[in-house]
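# Give me a 3D structure for the following:
(2 chains)
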2 protein chains.
Amino acid sequence: MSTFPADSVGLVTPQRLSFSEPLKLACGKSLEQFELVYETYGQLNASRSNALLICHALSGHHHAAGFHSADERKPGWWDACIGPGKAIDTNRFFVVSLNNLGGCHGSTGPSSINPATGKPYGASFPVLTVEDWVHSQALLADQLGIDTWAAVVGGSLGGMQALQWAISYPQRIRHCLAIATAPKLSAQNIAFNEVARQAIITDPDFHNGDYAAFGVIPKRGLMLARMVGHITYLSDDSMGEKFGRELRTDVLNYDFTSVEFQVESYLRYQGQEFSERFDANTYLLMTKALDYFDPAGAHDGNLAKALEGIQARCMVMSFTTDWRFSPARSRELVDALLAARKQVSYLEIEAAQGHDAFLLPIPRYVQALQAYMNRIEVNA
Amino acid sequence: MSTFPADSVGLVTPQRLSFSEPLKLACGKSLEQFELVYETYGQLNASRSNALLICHALSGHHHAAGFHSADERKPGWWDACIGPGKAIDTNRFFVVSLNNLGGCHGSTGPSSINPATGKPYGASFPVLTVEDWVHSQALLADQLGIDTWAAVVGGSLGGMQALQWAISYPQRIRHCLAIATAPKLSAQNIAFNEVARQAIITDPDFHNGDYAAFGVIPKRGLMLARMVGHITYLSDDSMGEKFGRELRTDVLNYDFTSVEFQVESYLRYQGQEFSERFDANTYLLMTKALDYFDPAGAHDGNLAKALEGIQARCMVMSFTTDWRFSPARSRELVDALLAARKQVSYLEIEAAQGHDAFLLPIPRYVQALQAYMNRIEVNA
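Got it, this is the predicted structure:
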């Protein structure tokens, strides 16, 4: 039997909570009932002052740390930062990590059975927004007996949720950590999402979102969507260092189907693997939530105004070679927080890995995160 | 009847030349016979010293200037720079612009009828390289009685051809103008090409390249390929200025199929329009030619060594916000030309339009091009 590393949260078991009160959504519809799957690491203290929420990004899920079994090949997606003695120290914090509503890893989403019809929701699943997620996360907090989060932490789309928490529930969040994120998407960001969506929607196996009824999945579309996404997660430099123009074999094949360059091999593998494990409708939903996120929108584009009610201390972090959500986008957010006279720290981390950096154990990043987390007060 | 602007080359008629000597290709195969369609502007002088070759980019063709009819809505793709008194002055130069071999605008390509079978080449059309194109262009020059080009000019993939001319036929080119190009693709460049190819190849209407036999075209794949390409042609800033987050209507639709943001509308239109006019096999072929271009490859990666035989004077130009072939890629080329002790000028032009800038009438760019062209000596 294998043992887990000493700084691992070890074996974790996903938990599940049901919500039977209708959840009113931004789109105008309601979800009559839903379930959220989540994991927790560490212990909630007596004063309930040490709870911390992890929000996941586009293709993420609740399994952020530890192992589901002794045989699990890889730990949770942010295991580098969550564990006893790690940056997010589970000896101090009670960490909650959920699969967002609309997801495809256990929480109610398009691939779940709609109790009203006995069939998968498919295309009928409502389009969700970051606000909707935060509302559903607040209901989860209620059920867990957590009135106030010591911190809400997220990268990329997760950072948008952390920010929305600070906006929507100013009294329920003490620290907001928004990492490698942006206060809204740029036209280029939306354009990449649109390519991904068109790839999925135009796949003949998509069947307007009701592919489950046809016993197929739009694999080609999902593969392409993931390939495009992956390019935007890596920096040009890191791709160059990782793959360069290296050929898989010594000769060129002079055809269009052979995998010739290493980078092609990598992308196809990533795309294919993703297309077998991720739900297409969930992917569409996640990209729309990204596109729609725009807290300044309700305030004539005045971001500072949108942030006026925030009471949380904010920590904003960006990575130098991230071109999906570049440091300039983080500085926009920082400037608006300053204009709104909020407490904000900002760190731009030198890192070659592009947007992906926020998931990686980059020493300066992890140390800075740890230093910030250790300053968060937690009563007994 | 409409008249043409005074600085237009006016009405032009594409011409066609047949080549019946087999053309040996880099892939090892030969083309037994082929045709090239081309246009000329201006007059070849008595000493035949004023001929200038325009090489087109990925989706380009021979129609670079003037109008095919009095009703034609738009002139040729580089009309801003070619005409009497323009940067490439047709009062001085005899300009030749062809559709490359493998193209889909009249030159022999995958959609042409293979005389050996009486059916379209389709998937059987050989994969071409930039060297192959330059060899076929040299045969065209022979037939036109042009021994030496005063200049070979091209942007992007066209710039690679200009550079390859200087390498392959050092004595047949006096000036090489390589604009918004790179001495080879980066891993990221190849990755974007691979997404485009996968979009086409996985389209069920592709039929392994023999879609013509099935009476269909892989429209979905071509549309996606073009959408991805288009994002890389524009800068993040120019996309932001052009579209921002502007909505087409005032309300969000909360679905995945509506066109909500202007940038989505633009991309879908560009993609759909392209998918109706461009051949999928040609698109694959063009992207492979880009991927394979690597003159340093035959010299253990030593670019200066690859450029050693060049006799042409070189002019390299780049645009500040071009992230497809960034100024750094042009500087690589310039550095290698300097290391090889070649005559080279370099200009980095401040332009917000990204890679697309090389096609646009940006004053400083057009003026610099004109100044350079006017210094090229042309005998009577």
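# Next, count neighbours for whatever residue of the stretch 251-380 of chain A ends up closest to chain B.
Closest to chain B within the stretch 251-380 of chain A is A:Tyr254: 3.6 Å, counting by C-beta to the nearest C-beta. C-beta: built from backbone N, CA, C; applies to glycine. The number of residues packed near A:Tyr254 is 18, by other C-beta atoms under 10 Å in any protein chain shown.
# Count residues in the vicinity of A:Leu44, would you?
Residues contacting A:Leu44 under the criterion other C-beta under 10 Å number 17.
# In terms of helix, strand or coil, where does it fall?
Using DSSP: H, G, I helix; E, B strand; the rest coil, the structure places A:Leu44 in coil.
# I'd guessed it sits against A:Arg92; true?
No: with contact defined as C-beta atoms under 8 Å, A:Leu44 does not reach A:Arg92; the gap is 11.7 Å.
# between the two, what contacts are shared?
Common contacts of A:Leu44 and A:Arg92 (C-beta atoms under 8 Å, 6 or more residues apart in numbering or on different chains): A:Asn50.
# Spatially, and excluding backbone neighbours, which residue is closest to the residue of the stretch 251-380 of chain A closest to chain B.
Sequence neighbours aside, B:Cys27 is the residue nearest to A:Tyr254 in space, at 3.6 Å (criterion: C-beta to C-beta, 6 or more residues apart in numbering or on different chains).
# Would you state the helices of chain A in chain order?
Assigned by DSSP state H, the helices in chain A fall at A:130-144, A:157-168, A:187-201, A:219-233, A:236-242, A:262-277, A:280-292, A:303-306, A:327-339, A:363-375.
# Show me which positions of the longest one end up buried.
Yep, that's helix A:262-277 we're talking about. Across helix A:262-277, burial judged by 16 or more other C-beta atoms under 10 Å in any protein chain shown covers A:262-268, A:270-271, A:274-275.
# can you list those residues in TSV and add distance to A:Gly309?
Formatted as TSV, the buried residues of helix A:262-277 follow (distance: C-beta to C-beta, whole Å):
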residue	distance to A:Gly309
A:Gln262	49
A:Val263	46
A:Glu264	49
A:Ser265	49
A:Tyr266	44
A:Leu267	43
A:Arg268	47
A:Gln270	40
A:Gly271	42
A:Phe274	38
A:Ser275	41
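# Just give me the lowest mean pLDDT stretch among the helices of chain A.
Here the lowest mean pLDDT among these goes to helix A:236-242, at a mean of 90.
# What is that one packed up against?
Packing partners of helix A:236-242 (3 or more C-beta pairs under 8 Å, 6 or more residues apart in numbering or on different chains; DSSP states H and E): helix A:262-277, helix B:187-201.
# care to break chain A down by domain?
A:15-184+A:295-374, A:189-287 (the TED database).
# Now tabulate those in CSV and tack on distance to B:Glu131.
Formatted as CSV, the domains of chain A follow (distance: least, C-beta to C-beta, whole Å):
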stretch, distance to B:Glu131
domain A:15-184+A:295-374, 33
domain A:189-287, 12
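# Contacts only, for the residue nearest the centre of chain A.
Nearest residue to the geometric centre of chain A (C-alpha atoms, centre = their mean): A:Ala57, 1.2 Å. Listed by C-beta under 8 Å, 6+ apart, the contact partners of A:Ala57 are A:154-158.
# Give me the spatial nearest neighbour of it, chain neighbours excluded.
Nearest in space to A:Ala57, with sequence neighbours left out and distances taken as C-beta to C-beta, 6+ apart, is A:Ser156 at 4.0 Å.
# in terms of contact, does the one you found touch A:Phe358 like I think?
Yes: the pair A:Ser156 / A:Phe358 is scored as a contact, 6.5 Å apart, by C-beta under 8 Å.
# intersection of neighbour lists for these two?
A:179-180.
# so A:Ser30 touches A:Leu23, yeah?
Yes: counting by C-beta under 8 Å, A:Leu23 is a contact partner of A:Ser30 at 6.2 Å.
# So for those two, which residue has more residues nearby?
Taking neighbours as other C-beta under 10 Å, A:Ser30 and A:Leu23 compare with A:Leu23 leading, 19 against 12.
# So what sits opposite that one in the bridge?
Per DSSP bridges, residues listed as beta-bridge partners of A:Leu23: A:Leu31.
# Quick one: residues contacting it.
A:30-31, A:34, A:101, A:132, A:135-136, A:139.
# interface residues of the stretch 101-250 of chain A facing chain B?
A:126-127, A:184-188, A:190-192, A:194-195, A:197-199, A:201-204, A:209, A:220, A:223-224, A:227-228, A:230-231, A:234, A:236, A:239-240, A:242-245 (C-beta under 8 Å from any C-beta of the partner chain).
# Buried subset of those residues as a ChimeraX selection?
In ChimeraX, this line selects whichever of these come out buried by 16+ other C-beta under 10 Å:
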select /A:126,127,184,185,186,187,188,190,191,192,194,195,197,198,199,201,202,203,209,220,223,224,227,228,230,231,234,236,239,240,242,243,244,245
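# before we move on, the earlier item: kindly reformat the helices and strands packed on helix A:236-242 as JSON lines containing distance to A:Phe325.
Shown next, in JSON lines, are the helices and strands packed on helix A:236-242 (distance: least, C-beta to C-beta, whole Å):
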{"stretch": "helix A:262-277", "distance to A:Phe325": "20"}
{"stretch": "helix B:187-201", "distance to A:Phe325": "17"}
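# Count residues in the vicinity of the residue of the stretch 1-150 of chain A found nearest chain B, would you?
Nearest residue of the stretch 1-150 of chain A to chain B (C-beta to the nearest C-beta) works out as A:Cys27 at 3.6 Å. Per other C-beta under 10 Å, the neighbour tally for A:Cys27 reads 17.
# what sits against it?
Counted by C-beta under 8 Å, 6+ apart, A:Cys27 has contacts A:126-129, B:252, B:254.
# wait, which of those is closest to A:Val316?
Using C-beta to C-beta, A:Thr129 comes nearest to A:Val316 of the contacts of A:Cys27, at 21.6 Å.
# how about the strands in the stretch 1-150 of chain A?
With DSSP state E, counting those that start in this stretch as the criterion, the stretch 1-150 of chain A has strands at A:15-19, A:23-24, A:30-31, A:34-41, A:51-55, A:82-83, A:88-89, A:94-98, A:113-114, A:119-120.
# now for those, which one comes closest to A:Ala368?
Of all the strands of the stretch 1-150 of chain A, strand A:88-89 comes closest under C-beta to C-beta, at 12.5 Å.
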